[in-house]
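> Sequence plus predicted model, see below.
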Amino acid sequence: MRQRAEPQDFERVLSSMCTVPHPVARQAAERFLATNPGDPGTYETVAELEDEAVDALGELTGLTDPAGYVASGGTEANIQALRIARNRADTDDPNVVAPVHAHFSFTKAADVLDLELRTAPATDYRANTDAVAELIDDDTVCVVGVAGSTEYGFVDPIPAIAELAHDVDALCHVDAAWGGFYLPFTDHSWHFGHAAVDTMTIDPHKVGQAAVPAGGLLARDDSLLDDLAVETPYLESTSQLTLTGTRSGAGVASAVAAMDELWPAGYREQYDRSMDNAEWLADQLRARGHDVVGPELPLVAADLSVPMTDELRERGWRVSKTGAGEMRVVCMPHVTRSMLRSFVADLDWY
């Protein structure tokens, strides 16, 4: 690596679901960089911090006695949730039913775990529960709902999805990796307190403003995690349930520090600011004749042409497109109104 290399700044990053860590999260990450939560018998302090992180995530998601751990990110958490569902099921031909807009990590999970992944179409960017029901059968081990989709930011009807799952004794998993730190300040029904959800992905290193990597896997009770445990004969602890072994304590410590600092008032203020920015941008784009999707959460998609998107990237804006080709702007904590005004000014120039 070149000695003069510097990390990219966030001044023109508009499509990322990661953001600048909060200063207290950065400090905590540096302090615990060399610790290993994967060996709790040796690194007792960071193991205690992980318990605090899980408790805090439980408070965000309506779960009074949560089980879980700080994962590397949403991909690991989603894989682990499907691994729980597969391991507890009594079938030789397991399948998982998810909406078509489920994150691509579910495709990875199905491949790794040898699961059939069945995807149901959406209606108005949310899971069509009739279509979900048609795909479920006696071999279904998990039904997935998304609370804040990565392309459009919409929330599936989680209570109805949970009912469909439990009708066939399958687990209900909710992917709230991005939306989970915005949703507590909305009227959506999405978490353990609203529905019979079994497992959930929620990532402190996204809107939670922890340092990367700091994902989150939550389970309604410890018994679900038993299906992940393997023996660890040479460690002081007797078993391990995580997918990765050695993990840096940086993610754990930064997640605790960020949540201690920001929950709930700081996150509420951030949601209000981000949502105001998303609505302002949507209004600006509509006024310029663009078709706009949302915002339901602080994410805006609009039908800007591919040449226009390419031109914006040439001007330094880091923007990406949805699968259908719309430009996608995610109003993360680092995205300010000033940034968006500059962005719209460049749109007008084009």
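Alright, I've got the coordinates.
> out of all of them, which helix in this structure is the longest?
What stands out as the longest helix in the chain, according to DSSP state H, is helix 265-287.
> Show me what that helix is packed up against.
Judged by 3 or more CB pairs under 8 Å, 6 or more residues apart in numbering; DSSP states H and E, helix 265-287 is in contact with strand 292-293, strand 299-302, helix 337-349. C-betas here are computed from N, CA, C, even on glycine.
> Give me the angle between the helix or strand following the second one and helix 337-349.
Elements were assigned by DSSP states H and E; along the chain past strand 299-302, the next helix or strand is helix 306-314. Angular relation of helix 306-314 and helix 337-349 on a 0 to 180 degree scale: 130 degrees, by axes from the mean of the first three to the mean of the last three CA atoms, to 10 degrees.
> Output helix 306-314 as PDB, restricted to C-alpha atoms.
The C-alpha coordinates for helix 306-314 follow below in PDB (Å, rounded to 0.1, in the frame of the first residue of the first chain):
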ATOM      1  CA  VAL A 306     -27.800   6.100 -17.300                       C
ATOM      2  CA  PRO A 307     -25.900   8.900 -19.100                       C
ATOM      3  CA  MET A 308     -26.900  11.300 -16.400                       C
ATOM      4  CA  THR A 309     -25.800   8.900 -13.700                       C
ATOM      5  CA  ASP A 310     -22.500   8.400 -15.500                       C
ATOM      6  CA  GLU A 311     -22.000  12.200 -15.700                       C
ATOM      7  CA  LEU A 312     -22.700  12.600 -12.000                       C
ATOM      8  CA  ARG A 313     -20.100   9.900 -11.200                       C
ATOM      9  CA  GLU A 314     -17.600  11.800 -13.400                       C
END
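> pLDDT on that helix, on average?
In this model, helix 306-314 has an average pLDDT of 78.
> in the stretch 1-150 of the chain, which segments are predicted with low confidence?
Along the stretch 1-150 of the chain, segments meeting pLDDT under 70 span 1-7.
> tilt between the longest helix of the chain and helix 337-349?
10 degrees.
> hmm, back to that, looking at the helices and strands packed on helix 265-287, which is closest to Gly316?
Of all the helices and strands packed on helix 265-287, helix 337-349 sits nearest to Gly316, with 9.1 Å by CB to CB.
> residue ranges of the helices in the stretch 1-150 of the chain, please?
Taking DSSP state H, counting those that start in this stretch as the criterion, the stretch 1-150 of the chain contains helices spanning 23-31, 44-60, 74-88, 105-113, 129-135.
> How far does the shortest one sit from its chain's centre?
Chain-centre distance of helix 129-135: 24 Å, with CA atoms, centre = their mean, to the nearest Å.
> Show me what that helix is packed against.
Judged by 3+ CB pairs under 8 Å, 6+ apart, the packing partners of helix 129-135 are strand 95-99, strand 116-120, helix 158-167.
> Which one, of the helices and strands packed on helix 265-287, ends up nearest to Ala110?
strand 299-302 (25.4 Å).
> Excluding its own residues, what touches that closest one? List them.
148, 151-153, 278, 281-282, 285, 290-294, 322, 326-331 (CB atoms under 8 Å, 6 or more residues apart in numbering).
> go with 7 Å
151-153, 278, 281-282, 285, 290-294, 322, 326-331 (CB atoms under 7 Å, 6 or more residues apart in numbering).
> Now that we have the residues you listed, which of them are buried?
Among the contacts of strand 299-302, those classed as buried by neighbour count (16 or more other CB atoms under 10 Å) are 151-153, 278, 281-282, 285, 290, 292-294, 322, 326-331.
> before we move on, back to that, could you tell me the least trusted of the helices and strands packed on helix 265-287?
Across the helices and strands packed on helix 265-287, helix 337-349 has the smallest mean pLDDT, namely a mean of 92.
> Report the backbone C-alpha coordinates of that helix in PDB.
Coordinates of the C-alpha atoms in helix 337-349 are reproduced here as PDB (Å, rounded to 0.1, in the frame of the first residue of the first chain):
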ATOM      1  CA  ARG A 337     -28.800  19.300   3.000                       C
ATOM      2  CA  SER A 338     -25.800  21.200   1.700                       C
ATOM      3  CA  MET A 339     -24.600  18.100  -0.100                       C
ATOM      4  CA  LEU A 340     -28.000  17.600  -1.600                       C
ATOM      5  CA  ARG A 341     -28.200  21.200  -2.800                       C
ATOM      6  CA  SER A 342     -24.900  20.800  -4.600                       C
ATOM      7  CA  PHE A 343     -26.100  17.500  -6.100                       C
ATOM      8  CA  VAL A 344     -29.300  19.100  -7.400                       C
ATOM      9  CA  ALA A 345     -27.200  22.000  -8.800                       C
ATOM     10  CA  ASP A 346     -25.100  19.500 -10.800                       C
ATOM     11  CA  LEU A 347     -28.300  17.800 -12.000                       C
ATOM     12  CA  ASP A 348     -29.500  21.200 -13.300                       C
ATOM     13  CA  TRP A 349     -26.100  21.800 -15.000                       C
END
